[in-house]
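**Q** Below: sequence and its predicted model.
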Amino acid sequence: MTRPSWAPEGIDLDRPSASRVYDYFVGGMHNFEIDRELAQMIEKFTPNVAETMRANRDLLRRAVRFLTDAGIDQFLDLGSGIPTVGNVHEVAQARNPEARVVYVDIDPVAVAHSQAILEGNPLAAVIHGDVAQPDSILAAPEVTKLLDFDRPIAVLLLGVLHFVSDESEPAAAVARLLEVCAPGSYVAITHATSDGQPAEVLEAQKLSGRTSTEIVLRGRDEIATYFYDWTLLEPGLVHLPLWRPEDPADVGEHPESSGAYGGLARKD
């Protein structure tokens with residue numbers, strides 16, 4: 001296989017990457033045949049998985065546009081994956097060229113690819129970090145250089161907390177991230193759910209163990225606690241297509257089939 005320029009040396013191209021599988025599902029071009037093979041196996045169990053992941057990415061874009069229009073010019077995107085196909089820096093900097101973005105991902109494959117993609121963008125950076133270890137993220141040089149927590153900031157936790165095991169205490173990690181944010185800050189969260197999911201979805205969850213990051217499905221009530229006492233904006237914590245759709249047709253007849261909830265809250 002010819003190694004493309006966005007795939008740095010040292011990346012194992014013979015093992016699927018969760019980030020590249022996600023990239024494939026959302027229509028990106030930063031993936032390989034080994035990633036597509038795993039994605040197709042998952043699709044056999046859950047034919048709507050690509051739709052779910054695209055719904056998550058669509059919510060990301062809508063949220064970033066809302067936040068930028070609300071005056072937010074700095075973003076901490078945790079569990080970012082590979083920044084491609086309309087990611088945070090593209091959407092935010094299209095509206096405000098001075099917007100600053102730090103991406104964080106636990107997957108070294110995603111980080112290496114991201115570093116290559118972001119080269120030449122001084123207002124966007126990526127670090128290797130675990131959302132379950134927030135203090136190390138907050139102390140990273142890229143974070144302290146680009147982001148000012150004395151000013152309002154957007155913390156984005158889209159599609160990442162379901163990769164944090166119960167033993168790693170995701171609620172405590174989120175609490176630490178939120179407590180350092182200035183008033184006027186926002187947090188956006190999306191999370192895969194076990195609510196109303198058929199057996200084939202639960203079976204597909206096991207396939208996530210083929211990558212380095214296994215999925216933990218949680219219920220709406222537990223997900224809601226991650227927002228703590230921040231003010232949850234309308235329409236609240238809802239199935240992904242229901243969060244401020246740009247066109248009613250985008251919701252579809254069964255928004256619950258997205259298999260995930262999403263919401264945005266503000267620190268007053």
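**A** Noted; the coordinates are in hand.
**Q** quick one: secondary structure of Lys145?
**A** When classified by DSSP: H, G, I helix; E, B strand; the rest coil, Lys145 comes out as helix.
**Q** Now do the same contact list for it.
**A** Counting by C-beta atoms under 8 Å, 6 or more residues apart in numbering, Lys145 touches Ala125. For every residue, glycine as well, the C-beta is placed using N, CA and C.
**Q** measure it to Glu253 for me?
**A** 47 Å (C-beta to C-beta, to the nearest Å).
**Q** where are the low-confidence patches of the stretch 101-250 of the chain?
**A** Residues of the stretch 101-250 of the chain meeting the criterion pLDDT under 70: 197-214.
**Q** try 50
**A** Scanning the stretch 101-250 of the chain for pLDDT under 50 picks out the ranges 209-211.
**Q** could you pull out the strands for it?
**A** 124-128, 154-158, 186-192, 231-232, 238-239 (DSSP state E, counting those that start in this stretch).
**Q** To Glu43, which of those lies closest?
**A** Among the strands of the stretch 101-250 of the chain, the nearest to Glu43 by C-beta to C-beta is strand 186-192 (15.8 Å).
**Q** partners of that closest one in the sheet?
**A** Within its sheet, strand 186-192 is paired with strand 154-158 (parallel), strand 260-266 (antiparallel), according to DSSP bridges.
**Q** Next one: the residue minimising distance to the centre of the chain from Arg100, what distance?
**A** Centre of the chain computed as the mean C-alpha position; nearest residue by C-alpha atoms, centre = their mean is Leu158, 3.3 Å away. According to C-beta to C-beta, Leu158 and Arg100 sit 18 Å apart.
**Q** Also Asp195?
**A** For Asp195, the distance to Arg100 equals 36 Å [C-beta to C-beta].
**Q** ok, back up a step: run through the bridge partners of the closest residue to the residue nearest to the centre of the chain other than its chain neighbours.
**A** Spatial nearest neighbour of Leu158, chain neighbours left out: Thr190 (4.6 Å); criterion: C-beta to C-beta, 6 or more residues apart in numbering. In this structure, Thr190 bridges to Leu158, Gly262 when assessed by DSSP bridges.
**Q** Could you work out which of the strands of the stretch 101-250 of the chain reaches nearest to Phe66?
**A** For those, proximity to Phe66 was assessed by C-beta to C-beta; strand 186-192 is nearest, at 8.8 Å.
**Q** and the gap between the residue nearest to Leu158 and Ala125?
**A** Per C-beta to C-beta, Thr190 is found 23 Å from Ala125.
**Q** more crowded one of those two?
**A** With neighbours defined as other C-beta atoms under 10 Å, Thr190 and Ala125 compare such that Thr190 has more, 28 against 22.
**Q** Double-check the more buried one against Met53; I have them as touching.
**A** No: with contact defined as C-beta atoms under 8 Å, Thr190 does not reach Met53; the gap is 10.5 Å.
**Q** related to what we said a few turns ago, between the strands of the stretch 101-250 of the chain, which one is closest to Leu67.
**A** Across the strands of the stretch 101-250 of the chain, closest to Leu67 is strand 154-158 (C-beta to C-beta), at 4.8 Å.
**Q** Can I get the closest one in CSV, CA atoms only?
**A** Extracted in CSV, the C-alpha atoms of strand 154-158 (Å, rounded to 0.1, in the frame of the first residue of the first chain):
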residue,chain,number,x,y,z
ALA,A,154,-16.9,25.8,24.4
VAL,A,155,-16.1,22.3,25.7
LEU,A,156,-17.1,19.7,23.1
LEU,A,157,-17.7,16.1,24.3
LEU,A,158,-19.4,14.7,21.2
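**Q** Show me the helices in the chain, by range?
**A** 18-25, 33-45, 49-69, 88-95, 108-118, 134-138, 141-146, 170-179, 199-207, 220-224 (DSSP state H).
**Q** Surely Asp35 is in contact with Phe25?
**A** No: in this structure, Asp35 is not within contact of Phe25 by C-beta under 8 Å, at 9.7 Å.
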